[in-house]
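[1] Any chance you can model this:
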Amino acid sequence: MSINNIEEVASYIVSEGKGILAADESNPTCGKRFDSIGVESTEDNRRDYREMLFRSAGMEGNIGGVILFDETIRQKAKDGTLLVDIINNQGALPGIKVDKGLHPIGDSEETVTVGLDGLDERLKEYAAMGAKFTKWRAVIKIGDGMPTDQCIDSNMKALADYAKLVQDNGMVPIVEPEVLMDGSHSIEDCYDATDRSLKSLFAHLEANSVNIRATLLKPNMVLSGSTSTTQANIQEVAQRTLDCLKANVPSELPGITFLSGGQSDIDATAHLDAMNKIGGFPWKLSFSYGRALQAPALKAWGGKPENAFISQDALSHRAKMNKFASLGEWDDGMEED
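    Now for the predicted structure:
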């Protein structure tokens, strides 16, 4: 593939219905996932699992980018091939998570994402290792008096500072302002928190002279809280999410790759498809899913090498379903094929 600059990288990742496989779980998070299938989270087991995913036939043509964790971008497959090279050979671009996690804001329940210290040096190393894009996640909680303006502003300023550094190092930044679905809040509460977060984010990106054409946005969908007694239906989620994006996201942004954020794999696909069926927006609407792509594959694998093909088929199916959703061509009857 011939890609000459970071604007072309950003556009390629979301071209022709392609999306992103988020495989950047930290080792503790990966440990929890492996615990659920009774597999020990060793470096070799993590490597074998991710190598299996990256070699899946359904990667090609459906996945435009893969977000990696620091451990994974350095690893080689059992046959000695760099995992980064396996990803490239599937027609996808390797990316890297670069934030250093969450730090409490004072004594509150809110957090700010850290990792700017030493980031420039780390970015230079990752670029030399073949990374074409990066990701930084901010976390916004809804609750009593939350999110505060301080939480939103400090997180969005950090996202903008990160994005500028990344572009200065010749890579595409994915900015991820995640409003958590945890809680009993209404869909209106989620809309309000998402609206405030996006307004702040794009103001800070503009102030930092970040090139929006070489940036991707990874937002939450506008959803009812996970424990809310009133759950919005698929059409309402799709319309509210689009309304919020249209009010805040510049038209020159090439793509919006949603996080799944705890949705079931089918719900994440159905919501994405519903938005693309509504249409009428200037950006590509696609996916950057972790659990919603991997969960069926992880369950099918169960840590057993003999299950690799079944597991790869499960990942390939979800990748294809989400490509259809990114094109507005999915329906639930396809899930039975």
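
[2] okay, CA-based contacts and neighbour counts for the rest of this
    OK.

[3] pLDDT value on the residue nearest to Thr227 when sequence neighbours are not counted, please?
    Spatial nearest neighbour of Thr227, excluding adjacent residues (CA to CA, 6 or more residues apart in numbering): Ser184 at 4.6 Å. According to the prediction, Ser184 has pLDDT 97.

[4] Let me know the secondary structure of Ser184.
    With DSSP: H, G, I helix; E, B strand; the rest coil as the basis, Ser184 sits in coil.

[5] wait, doesn't it sit right on Gly225?
    Yes: taking contacts as CA atoms under 8 Å, Ser184 lies within contact range of Gly225: 4.8 Å.

[6] quick one, which of these two is more surrounded?
    Each of Ser184 and Gly225 has its neighbours counted (other CA atoms under 10 Å); Gly225 has more, 22 against 17.

[7] quick one: that one is in a strand?
    No: read with three-state DSSP, Gly225 is coil and lies in no strand.

[8] What about it? Give its phi and psi, please.
    phi -60, psi 150 (degrees, to the nearest 10).

[9] swap in Ala131?
    Reported as degrees, to the nearest 10, the phi and psi values for Ala131 are phi -70, psi 140.

[10] you'd agree it is up against Ala92?
    No: the pair Ala131 / Ala92 is not scored as a contact, 11.2 Å apart, by CA under 8 Å.

[11] of those two, who's got more company?
    The neighbour count for Ala131 versus Ala92, taken as other CA under 10 Å, is higher for Ala92 (27 against 23).

[12] any idea how far the more buried one lies from Ile73?
    Between Ala92 and Ile73 the distance is 14 Å, computed by CA to CA, to the nearest Å.

[13] before we move on, what about Leu83?
    From Leu83 over to Ile73 the distance is 7 Å, taken as CA to CA.

[14] any idea what the most centrally placed residue in the chain is structurally, helix, strand or coil?
    Nearest to the mean C-alpha position of the chain, counting by CA atoms, centre = their mean, stands Ser288 at 3.5 Å. Here Ser288 is recorded as strand under three-state DSSP.

[15] so what pLDDT did it get?
    98.

[16] cool, Ala319 as well?
    So, for Ala319, pLDDT stands at 98.

[17] tally of neighbours for the nearest residue to it once chain neighbours are set aside?
    Leaving aside its chain neighbours, Ala319 sits nearest to Asn62 (5.9 Å; criterion: CA to CA, 6+ apart). When neighbours are defined as other CA under 10 Å, Asn62 has 29 of them.

[18] The stretch 51-200 of the chain: strands as residue ranges?
    Counting by DSSP state E, counting those that start in this stretch, residue ranges of the strands within the stretch 51-200 of the chain are 63-68, 93-97, 102-104, 111-113, 133-140, 172-179.

[19] got it, and the stretch 201-337 of the chain?
    With strands called from DSSP E, counting those that start in this stretch, the stretch 201-337 of the chain shows them at 216-217, 255-258, 284-289.

[20] Adding distance to Thr230, write the ones you listed out as TSV.
    Shown next, in TSV, are the strands of the stretch 201-337 of the chain (distance: least, CA to CA, whole Å):
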stretch	distance to Thr230
strand 216-217	28
strand 255-258	23
strand 284-289	25
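
[21] and Leu180, which of those is closest to it?
    Nearest to Leu180 among these is strand 255-258 (12.9 Å), distances taken as CA to CA.

[22] per-residue confidence for Tyr49?
    Looking at Tyr49, its pLDDT stands at 96.

[23] likewise Ser56?
    At Ser56, pLDDT is 98.

[24] Find the nearest non-adjacent residue to it, please.
    Spatially, and ignoring its direct neighbours in sequence, Ser56 is nearest to Gln312 (4.9 Å; CA to CA, 6+ apart).

[25] I'd guessed the one you found sits against Tyr49; true?
    No: with contact defined as CA under 8 Å, Gln312 does not count as touching Tyr49 (10.1 Å).

[26] If you count surrounding residues, which of the two has more?
    Regarding Gln312 and Tyr49, a neighbour count based on other CA under 10 Å identifies Gln312 as having more, with 24 against 20.

[27] quick one: contacts for that one?
    Residues near Gln312 by CA atoms under 8 Å, 6 or more residues apart in numbering: 52-53, 55-58, 297.

[28] mind redoing it with 10 Å?
    With contact set as CA atoms under 10 Å, 6 or more residues apart in numbering, Gln312 has these partners: 52-59, 294, 296-298, 300-301.

[29] Could you dump those residues into TSV and include distance to Pro173 and neighbour count?
    Shown next, in TSV, are the contacts of Gln312 (distance: CA to CA, whole Å; neighbours: other CA atoms under 10 Å):
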residue	distance to Pro173	neighbour count
Met52	27	19
Leu53	24	26
Phe54	22	27
Arg55	25	16
Ser56	26	19
Ala57	27	16
Gly58	25	20
Met59	22	28
Gln294	23	23
Pro296	29	19
Ala297	28	26
Leu298	28	22
Ala300	33	20
Trp301	32	21
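
[30] The stretch 201-337 of the chain: helices as residue ranges?
    With DSSP state H, counting those that start in this stretch as the criterion, the stretch 201-337 of the chain has helices at 234-248, 265-278, 291-301, 308-326.

[31] out of the ones you listed, which comes closest to Ala23?
    Nearest of the helices of the stretch 201-337 of the chain to Ala23, taken as CA to CA: helix 291-301 at 8.5 Å.
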